[in-house]
Every structure is written in C-alpha cells, then in structure tokens.
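In: 3D, please:
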Amino acid sequence: MSAKAKSRKRSKRLLSNDRPAFPTRGHKTTSLSSKVTRTLIRSHHTLHKRLKQAETAGEIARANEIRLQIETQGGLAKYQQASIQGQSSQRGGDSSKLLIEWLQELGLSTTEHTKLRLLEVGALRVDNACSRCGIFDVVRIDLNSQHEQILQQDFMTRPMPVDEADREENGFDVISLSLVLNYIPDPVGRGEMLKIVASFLRRALQNEQLNTFPGLYLVLPRPCITNSRYLDEAMLEAMMSSLGYVMTRTKLSSKLAYYYFRYVWDQPTVSQAFTKKELRKASNMNNFAIVLQ
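Out: From the prediction side, this is the model:
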C-alpha cells in the first residue's frame, strides 16, 4: 500500500450520526409535484442544518423544536420520496447521465473493455443511467436501503481494502458522490468523506484509459459552488489537488455542479489544511464549506 493510501486515516464520524433512518421497505408514497419536491428537499436540508447548529450550541429545547418541525413535514420519508422523484427520467433528474456522456466522450464503450466497477454512494434507484449503460458493474450503498439491490451501509464505516490485492479485486474505478457531500451538515465531516475516497479506488487500468481512471464523480447543488462565502470552484480544485486528484471534467447546470476528478496514484503530494475562510461576501450568499484538516 502506498504512503499516500496509508495517510488516509479513517474518520470516527458516521454519516448515520447526522442522518436519521429512512422508512422501511414497502413504505407507500404518493406522487409529488416538481415544485413540492424542490421545496421539501430545500426545507429538509435547512432544518437539518439548523438542528446541527442547535445541538452544537447545546440548545436542547430549540433542537427538539426543530426535530418536531422535521417530523411535521413528513421527516425522511417525504425527503426520500422527493429525492427519488427528483431523479426520475421524466423530470431529467438522473445525474449519472452526464457521467456516462463524459466517459463515452473519452472513447469507452460496452464491448471494448472489461466492465468497470462503480461504487454509488447514497443510491436511491437501481434503474438510473449508470445502471443501464452496460459500462459498469455497480455496487450501490445507502444508509437505509429501499431496494434489495442497494446495500444498507454507511460509507464512512465501509471496510477498507486490507492490501493491494484486495484493492485491485474489490476496489473501484469510479466512486460517485452525487448530492451526498452536501447532506453532511458540517464542513469537517465533508472533508473527511473526501479524504477516504481514494482508499477504495483501484490503480489505473493497464494499457487503456490511463488518463481517465480511477476517478471521483462529484455532484453538488450549484449554489454550493457559485453562491458560497467559503467555497468556489478554484478552492474545490485546490482541495482535490492536495488529495491527489486532477479535475478533468466540469459542468454547471442551472441547478447542479458536476465534476469528474481523476486520482493520480503515487503522485507526490503535500499535506495541506483548508480552513473555513471567507472568499467573498454578500448578504444573499450561503455558508456551505468544506474543511480539510
């Protein structure tokens, strides 16, 4: 195992500490309109951010009040329903479509190479573009699985490969964090997630696509990049570079920011801390941040 991999220390923080349980399989839902879907998702994230702030400040009464608000709005049952419907093809919400487009631009096909291994963190569906394209053998995980083909698992506690042979057999060519990082309510936790991704990546495929894999597919709400006081694209790229990645693809849509970062094995890197530092200031900006310690 390389010195770089050894330096990726396991965080004790669990995603499940911040994310209550989803409803059990078989939970019946009704269709939500696009407007209601967007409102529910925004409100859910806002309330959980406020809950984290109240808990950190030791404001027990305030925290209980916010928990009640979350329950009144339907809790995670409604949030998950909104997220799944937002990903439906009818609403154009499948973020994995762009990943497939990018890989096809790089010359990948379903017949000219061995299938790649993809780890989809926070998977909600088993019929999205990355599942249907024929390029990937997909491993899907989520904190509270709603489908038998989605493993119920916390990414932060997923067992790491024990040696190089284990990494090559059970590691991944691509890891997808699509609208996952923004769910973590604190900047340090987001940084810890980014730091452990490389521990699960295999080395580059031999003799083909050496400049493409392994990689991280990262999707965030656009305002996290374009309207944050503490993060912009240049800062994100600098953070990822310090972790050994090269940004090879990027796209901003009206709602989302998409990135593909290639991980460079054995590249000399200098450990660098990134604190919560104000980059720009405006009254209408948000406080989204990522901290690397």
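In: Provide the secondary structure category for the residue positioned nearest the centre of the chain.
Out: For the chain, the residue nearest the mean C-alpha position is L177 (2.4 Å; Cα atoms, centre = their mean). Three-state call for L177 (DSSP: H, G, I helix; E, B strand; the rest coil): strand.
In: got a pLDDT number for it?
Out: With respect to pLDDT, L177 has a value of 98.
In: List the contacts of it.
Out: Applying Cβ atoms under 8 Å, 6 or more residues apart in numbering to L177 gives the contacts 121-122, 193, 197, 216-219. Every residue, glycine included, has its C-beta placed from N, CA and C.
In: low pLDDT regions in the chain?
Out: Residues of the chain meeting the criterion pLDDT under 70: 1-42, 44-45, 74-92, 109-113, 205-210.
In: Specify the local secondary structure of the residue in it sticking out farthest from the centre.
Out: Residue farthest from the centre of the chain, counting by Cα atoms, centre = their mean, is A61 at 31.5 Å. Three-state call for A61 (three-state DSSP): helix.
In: Tell me the spacing between the closest residue to P214 other than its chain neighbours and S131.
Out: Leaving out its chain neighbours, the residue that sits closest to P214 by Cβ to Cβ, 6 or more residues apart in numbering is L201, at 3.8 Å. As judged by Cβ to Cβ, to the nearest Å, L201 and S131 stand 20 Å apart.
In: Then L151?
Out: Taken as Cβ to Cβ, the span from L151 to S131 is 14 Å.
In: Please say which of the two ends up with more neighbours.
Out: S131 (18 against 13; other Cβ atoms under 10 Å).
In: What backbone torsions are found at the more buried one?
Out: In terms of degrees, to the nearest 10, the main-chain angles of S131 are phi -80, psi -30.
In: Use 485 as the first number from now on
Out: Sure, I'll start counting at 485 from here, so that last one is S615.
In: Quick check: the gap between it and V622.
Out: The gap separating S615 from V622 is 5 Å, by Cβ to Cβ.
In: Kindly report the same for H532.
Out: 28 Å.
In: One more: T598?
Out: 15 Å.
In: likewise A766?
Out: Using Cβ to Cβ, one obtains 40 Å as the distance from A766 to V622.
In: More neighbours: the two, which one.
Out: Using other Cβ under 10 Å as the criterion, A766 and V622 rank with V622 on top: 24 against 7.
In: Ramachandran angles for the more buried one?
Out: The phi/psi pair for V622 (degrees, to the nearest 10) is phi -100, psi 130.
In: Check Y729 too.
Out: According to degrees, to the nearest 10, Y729 has phi -110, psi 160.
In: what's the burial count for it?
Out: Neighbour number of Y729 under other Cβ under 10 Å is 26.
In: which residues touch the closest residue to it other than its chain neighbours?
Out: Spatial nearest neighbour of Y729, excluding adjacent residues (Cβ to Cβ, 6+ apart): F745 at 3.9 Å. Residues in contact with F745 (Cβ under 8 Å, 6+ apart) are 699-700, 702, 724, 729-732.
In: quick one, helices of the stretch 585-734 of the chain?
Out: Secondary structure of the stretch 585-734 of the chain (DSSP state H, counting those that start in this stretch): helices at 613-616, 648-654, 671-681, 706-710, 717-726.
In: Now do the third one: which elements does it pack against?
Out: Same thing as helix 671-681. strand 658-662, helix 717-726 (3 or more Cβ pairs under 8 Å, 6 or more residues apart in numbering; DSSP states H and E).
In: Same question for the shortest one.
Out: Taking 3+ Cβ pairs under 8 Å, 6+ apart as the contact definition, the neighbouring helices and strands of helix 613-616 are helix 580-589, strand 620-626.
In: buried sites along it?
Out: Neighbour counts using 16 or more other Cβ atoms under 10 Å place 613-615 of helix 613-616 among the buried residues.
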